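Participant: show me how the following folds:
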Amino acid sequence: MESKFYSHRYNWSTLSVIVDCSKCGNNIVLQNFDGNPKCSDCGNINKKSWENIIKAVDLPAMKKANSDHKIMMGTINGKVQLDNVDSIPCYHCKQALTLPEQSGLENYLCNHCNQSVSFKEYEGMDELVFYKASSDAKIKENVQMIAVRCVSCGAPLEADPTKNNFHCKFCSTENILPVSLRYKVVLDDIFVSERMSKIPKLQAFVIDGKIVKQALREYGKESFNDMELGKVLLDKKDDSDVYHQIMNEFKYLPSDSILKEIFNTSKNETVIKQVGLRLQKTPEEIKYRISGSTSKPEETKQVIEPAKHETSPKSRLKSPFMVVILIVFIITIIAMVNLFLK
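Facilitator: Purely as a prediction, here's the structure:
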């Protein structure tokens with residue numbers, strides 16, 4: 001997702017990481033994000049890089065646990081300390097930096113002196129940003145050479161006080177610089193920030209459903225009025241996830257007009273079913289709507305014929321009972337005629 005969708009907030013802390021030299025046990029303080037810890041006493045270089053050490057510390061877990069101290073044991077021995085601060089200084093003008101909210105820190109210029117300020121980010125640790133209170137370039141510029149004599153031939157030489165030993169060009173003897181003559185380095189403050197990314201509220205009204213859901217989730221129902229939630233529902237009428245988030249998670253009750261418009265125009269079967277149930281539509285109406293038909297289903301007509309209480313003359317003649325009566329009547333008439341003739 002592009003960074004323009006986010007609004008960043010920075011929560012800074014001073015970071016102190018001290019590891020033990022794997023050879024002599026001397027303390028090595030984090031002062032350089034790159035490379036490996038190098039002991040200032042014996043010159044030994046630890047196998048683990050500073051990057052690996054920082055990742056092993058798991059600063060995000062410390063932040064979540066509100067822990068400001070941690071002791072490292074095992075393959076990496078040392079300790080970590082975090083202390084919250086309100087701001088960080090520019091290493092050019094020493095004024096508090098104001099970091100941008102919706103752009104990266106790759107080409108950041110101090111808002112006071114307009115000088116370039118650099119930040120460090122590690123791959124796989126996108127939620128953290130690191131910052132050193134002075135630039136490495138300035139430290140190198142301020143290094144002063146000191147005059148010492150070779151312990152073997154006594155030749156006067158200049159030695160770099162930031163190093164532990166130097167090579168005599170006259171007799172090729174390796175000289176170790178005494179502790180008393182070593183450059184007293186003033187440690188720079190190292191800062192680490194938890195970069196809290198929050199998507200702007202206006203992204204709840206864009207096309208991308210994932211961004212809409214994230215904006216709704218981060219701001220919550222209380223940040224949206226009924227008109228805004230109704231607009232999101234109509235804009236995202238084909239997204240069942242957005243519908244579920246607003247209707248079920250937010251417990252939002254839109255007007256019937258909004259529900260009817262969604263029911264009549266949505267192309268999402270799940271949305272149509274849920275809206276149809278809220279509108280108390282019959283299963284037939286929901287089925288026809290899902291099928292794509294715009295006409296209402298016809299009601300089943302039941303034709304009820306009137307009851308027939310009377311029997312037609314032809315039907316009466318066909319009755320067996322009436323036939324018997326007719327035969328008996330005819331026989332009686334014949335018998336009465338014969339009797340009269342006699």
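
Participant: just to confirm, which helix or strand has Glu261 in it?
Facilitator: Per DSSP states H and E, Glu261 falls inside helix 256-265.

Participant: immediately after that helix, which helix or strand?
Facilitator: Helices and strands here follow DSSP H and E; after helix 256-265, the next one along the chain is helix 269-278.

Participant: can you give me the buried ones in the helix holding Glu261?
Facilitator: For helix 256-265, burial by neighbour count (16 or more other CB atoms under 10 Å) applies to Ile258, Leu259, Glu261, Ile262, Phe263. Quick note: C-beta positions are derived from backbone N, CA and C, even for glycine.

Participant: so what's the most centrally placed residue in the chain closest to, chain neighbours aside?
Facilitator: By CA atoms, centre = their mean, the chain has its centre lying nearest to Gln214, at 6.8 Å. Closest residue to Gln214 apart from its sequence neighbours, by CB to CB, 6 or more residues apart in numbering: Ile199 at 5.3 Å.

Participant: surely that neighbour touches Ala215?
Facilitator: Yes - the criterion here is CB atoms under 8 Å, and Ile199 meets it with Ala215 at 5.0 Å.

Participant: what about the helices in the chain?
Facilitator: Ranges of helices within the chain are 50-57, 59-64, 136-141, 209-219, 226-235, 240-244, 256-265, 269-278, 283-290, 313-317, 320-341, based on DSSP state H.

Participant: among the ones you listed, which is nearest His92?
Facilitator: If you check each of those against His92 by CB to CB, helix 136-141 wins as the nearest, at 8.9 Å.

Participant: per-residue confidence averaged over that closest one?
Facilitator: Averaged over helix 136-141, pLDDT sits at 54.

Participant: cool, stretch 287-304 as well?
Facilitator: The pLDDT scores in stretch 287-304 average 60.

Participant: quick one: Asp68 and Gly292, what's the gap?
Facilitator: Here the criterion is CB to CB, to the nearest Å. By it, Asp68 lies 62 Å from Gly292.

Participant: how many neighbours does the residue nearest to Gln214 have?
Facilitator: Using other CB atoms under 10 Å, Ile199 is surrounded by 19 other residues.

Participant: just checking, Ile146 touches Pro156?
Facilitator: No - look at Ile146 against Pro156 with CB under 8 Å: they stay out of range, at 11.1 Å.

Participant: domains in this structure, by residue range?
Facilitator: Domain assignment for the chain by automatic domain parsing gives 3-143+185-194, 144-182, 201-290.

Participant: re earlier: turn the helices of the chain into JSON lines, columns for distance to Lys79.
Facilitator: Formatted as JSON lines, the helices of the chain follow (distance: least, CB to CB, whole Å):
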{"stretch": "helix 50-57", "distance to Lys79": "10"}
{"stretch": "helix 59-64", "distance to Lys79": "12"}
{"stretch": "helix 136-141", "distance to Lys79": "24"}
{"stretch": "helix 209-219", "distance to Lys79": "35"}
{"stretch": "helix 226-235", "distance to Lys79": "49"}
{"stretch": "helix 240-244", "distance to Lys79": "46"}
{"stretch": "helix 256-265", "distance to Lys79": "59"}
{"stretch": "helix 269-278", "distance to Lys79": "54"}
{"stretch": "helix 283-290", "distance to Lys79": "64"}
{"stretch": "helix 313-317", "distance to Lys79": "112"}
{"stretch": "helix 320-341", "distance to Lys79": "115"}
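
Participant: among these, which is nearest Lys38?
Facilitator: Nearest to Lys38 among the helices of the chain is helix 50-57 (10.2 Å), distances taken as CB to CB.

Participant: could I get that closest one in CSV with only the CA atoms?
Facilitator: The C-alpha coordinates for helix 50-57 follow below in CSV (Å, rounded to 0.1, in the frame of the first residue of the first chain):
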residue,chain,number,x,y,z
TRP,A,50,24.7,-4.5,14.9
GLU,A,51,21.7,-5.1,12.6
ASN,A,52,21.4,-8.7,13.8
ILE,A,53,21.8,-7.7,17.4
ILE,A,54,19.1,-5.0,17.1
LYS,A,55,16.7,-7.5,15.4
ALA,A,56,17.5,-10.1,18.2
VAL,A,57,16.6,-7.5,20.9
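
Participant: in contact with the residue lying closest to Val29 once chain neighbours are set aside, which residues?
Facilitator: Distances taken as CB to CB, 6+ apart place Ile18 nearest to Val29, at 5.4 Å, with adjacent residues excluded. Contacts here follow CB atoms under 8 Å, 6 or more residues apart in numbering; on that basis Ile18 touches Asn27, Ile28, Val29, Leu30, Gly78, Lys79, Val80.

Participant: wait, the last one sits on Lys63?
Facilitator: No - between Val80 and Lys63 there is no contact under CB under 8 Å: 11.7 Å.
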